[in-house]
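S.K.: when you get a sec, could you give me coordinates for this:
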Amino acid sequence: MKLSLPVAFGAISRLQVPSFPLRSPRFLFIEVNKRCNLKCQHCDFWLRTDDDRDRYLSVPGRSAVIAEFAELSPNGNVVICGGEPMLDLEDYFALARSCRENGVRALSVVNGTRIRSPALAERMILEGPHEISISLNSPCEAQHDETRGVKGAFKKAVRALRLLIEARSRLGVNSTRIYVMGLIYGGNYRSIDDFYDLVLNDIGADKLKLNFLQPSFGQAGEEDPFFAAQGAVDPDELTTILKRCNEKYRLDYNPAWLEQVGMYFRSLNAATDRVRGWASTKETEVHICNTYDRNIMVNHYGMARLCFSGKFPGMTLREPGDLRRFWQTSEAIRADMRKCNQFCGISHSVRRESSTMSGRQKMLDHQAKAPVMQSHSDITFKIASGMRALARFNRAPGS
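M.R.: Got it, this is the predicted structure:
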């Protein structure tokens, strides 16, 4: 029996039904480069180069992706990342400018080494991301410099924070948020109280965001010594410290997030092969990631994925509409990702639960505002696109 086009379209559209409504993505991560000027023990990006830059998606191409994301998710956020993205300063500001021109909020985490003058700090406030986070590994200068692999890195990061705060005050710009992104691991978790005191009281930043140890970014070798050595965290002691800081600094922690932190380090303690890093056979006890429901990551080459890992397939963006197409035709990828319990699930970028109740409310607000989108198979998307084009072609002039 030959099916009419509408009937065939309806049959195809029922092939892949999401387990819950698909909404527009909340975050677009877009990469500037893949090199870095520090030598962090928990990251291999400093071993990379941009020698194949001629293969990168151009800055205008990346700006076009941002524009398409703004149309797909008007209330969304763009995260400008690297490597150390500020090593390519004009590219960095060009992408921030694209975000501002398209009405989406820009975020970025940088190491602070390039923010050296009041003039550049002012440019960051006026032209850069709406949310600027500087990475710190510890409230202790020696410990930060050791893990970052470069002496003086702590002083540069703290100076960058002070320059940004002074510039914001001088310019009277209240919309820019200045944060610290802290890494918590075996060597520093007992100093979290000191960390909050430094960031909130001494430096005067708006917030300390906590990221937790996970396998090293871009791990190149078969062994991951930093992950193996620094995963020894007592989960009960850690959660006790966090609860004490929650009361002392009025942080409004999310109880569900606190439970996940404890569970995560219990899982880590059970991993006897942590030295293998990403190749560890152990996983978290509970699934805590939801990157597939809120994130699109676009790398240097224009490859879009639902997480940073190459474990799951992606799609190269080649023409207008591909970003939306990828988001709406990736239900099979999402189904696999919902079964993934890798240790990166604790990452600030992908974890399901926000650390604070206010952050959780922002997530709920986005879900309330974001329209429900129809999930398609790839062939369904092509048929739908063709039907829309045909309708436009057949539309009477002036109608």
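
S.K.: now do the strands in the protein.
M.R.: 22-23, 27-31, 77-81, 105-110, 131-136, 177-184, 207-212, 295-298, 303-305, 315-316, 372-373 (DSSP state E).

S.K.: rebuild those strands as TSV, extending it with mean neighbour count.
M.R.: Heads up, the C-betas are built off the backbone N, CA and C, glycines and all. Written out in TSV, the entries for the strands of the chain read as follows (neighbours: other Cβ atoms under 10 Å):
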stretch	mean neighbour count
strand 22-23	19
strand 27-31	23
strand 77-81	24
strand 105-110	22
strand 131-136	24
strand 177-184	21
strand 207-212	21
strand 295-298	24
strand 303-305	21
strand 315-316	16
strand 372-373	14
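
S.K.: what's the closest of the ones you listed to Ser330?
M.R.: Nearest to Ser330 among those is strand 315-316; the distance by Cβ to Cβ comes to 8.1 Å.

S.K.: go through the strands of the chain and find the least confident stretch.
M.R.: For the strands of the chain, the bottom mean pLDDT is recorded on strand 372-373, which sits at a mean of 86.

S.K.: just checking, what packs against it?
M.R.: Counting by 3 or more Cβ pairs under 8 Å, 6 or more residues apart in numbering; DSSP states H and E, the packing neighbours recorded for strand 372-373 are strand 22-23.

S.K.: what's the strand it packs on in contact with?
M.R.: The contact list for strand 22-23 (Cβ atoms under 8 Å, 6 or more residues apart in numbering) reads Asp293, Trp327, Gln328, Glu331, His366, Gln367, Ala370, Pro371, Val372, Met373, Gln374, Ser375.

S.K.: give me the buried positions along stretch 312-329.
M.R.: Judged by neighbour count (16 or more other Cβ atoms under 10 Å), stretch 312-329 contains these buried residues: Phe312, Gly314, Met315, Leu317, Asp322, Leu323, Arg324, Arg325, Phe326, Trp327, Gln328, Thr329.

S.K.: ok, which of the strands of the chain comes nearest Glu353?
M.R.: Relative to Glu353, the nearest member of those by Cβ to Cβ is strand 207-212, separated by 12.6 Å.

S.K.: that older thread, from the contacts of strand 22-23, which ones fall inside helices?
M.R.: With helices taken from DSSP state H, the overlap with the contacts of strand 22-23 comprises Asp293, Trp327, Gln328, Glu331, His366, Gln367.

S.K.: need the helix or strand of the chain with the lowest average pLDDT.
M.R.: Among the secondary structure pieces of the chain, namely its helices and strands, helix 5-13 has the lowest mean (mean pLDDT, DSSP states H and E), a mean of 34.

S.K.: right, and Gly82 touches Val32 too?
M.R.: Yes - contact between Gly82 and Val32 holds when scored by Cβ atoms under 8 Å: they sit 5.1 Å apart.

S.K.: out of the two, which sits in the more crowded spot?
M.R.: The residue with more neighbours, out of Gly82 and Val32 and counting by other Cβ atoms under 10 Å, is Val32; that gives 25 against 22.

S.K.: list the contacts of that one.
M.R.: With contacts defined as Cβ under 8 Å, 6+ apart, Val32 is in contact with Ile80, Cys81, Gly82, Gly83, Pro85, Leu87, Asp88, Asp91, Tyr92, Leu95.

S.K.: in this structure Ala271 contacts Thr284, no?
M.R.: No - with contacts defined as Cβ under 8 Å, Ala271 does not count as touching Thr284, sitting 9.7 Å away.

S.K.: neighbour-wise, which of these two wins?
M.R.: A count of neighbours by other Cβ under 10 Å puts Thr284 above the other of Ala271 and Thr284, at 23 against 18.

S.K.: who's in contact with the more buried one?
M.R.: Thr284 makes contact with Met263, Tyr264, Ser267, Asn341, Gln342, Phe343, Gly345, Ile346 under the criterion Cβ under 8 Å, 6+ apart.

S.K.: next one: Arg168
M.R.: With contacts taken as Cβ under 8 Å, 6+ apart, Arg168 has the following neighbours: Ile125, Asn174, Thr176, Ile178.

S.K.: contact partners of stretch 200-207?
M.R.: When contacts are defined by Cβ under 8 Å, 6+ apart, stretch 200-207 is touched by residues Ile134, Val158, Leu161, Arg162, Ile165, Arg177, Ile178, Tyr179, Val180, Val199, Leu208, Tyr249.

S.K.: between which two of those residues is the distance greatest?
M.R.: Of all pairs in the contacts of stretch 200-207, the most separated under Cβ to Cβ is Arg162 and Tyr249 at 20.0 Å.

S.K.: how many residues are close by the residue nearest to Ser354 when sequence neighbours are not counted?
M.R.: Spatially, and ignoring its direct neighbours in sequence, Ser354 is nearest to Arg360 (4.4 Å; Cβ to Cβ, 6 or more residues apart in numbering). Other residues within reach of Arg360, judged by other Cβ under 10 Å, total 17.

S.K.: Glu101 now?
M.R.: The tally of other residues near Glu101 (other Cβ under 10 Å) stands at 12.

S.K.: Arg274 now?
M.R.: Under the neighbour criterion other Cβ under 10 Å, Arg274 is assigned a count of 23.

S.K.: same thing with Val233?
M.R.: Taking other Cβ under 10 Å as the definition, Val233 ends up with a neighbour count of 23.

S.K.: where do the helices sit along the stretch 101-250 of the chain?
M.R.: Listed in chain order, the helices of the stretch 101-250 of the chain (DSSP state H, counting those that start in this stretch) span residues 118-127, 141-148, 153-171, 192-196, 225-230, 235-249.

S.K.: how about the last one: buried residues?
M.R.: Pointing back at helix 235-249 there. Across helix 235-249, burial judged by 16+ other Cβ under 10 Å covers Pro235, Leu238, Thr239, Ile241, Leu242, Cys245, Asn246, Tyr249.
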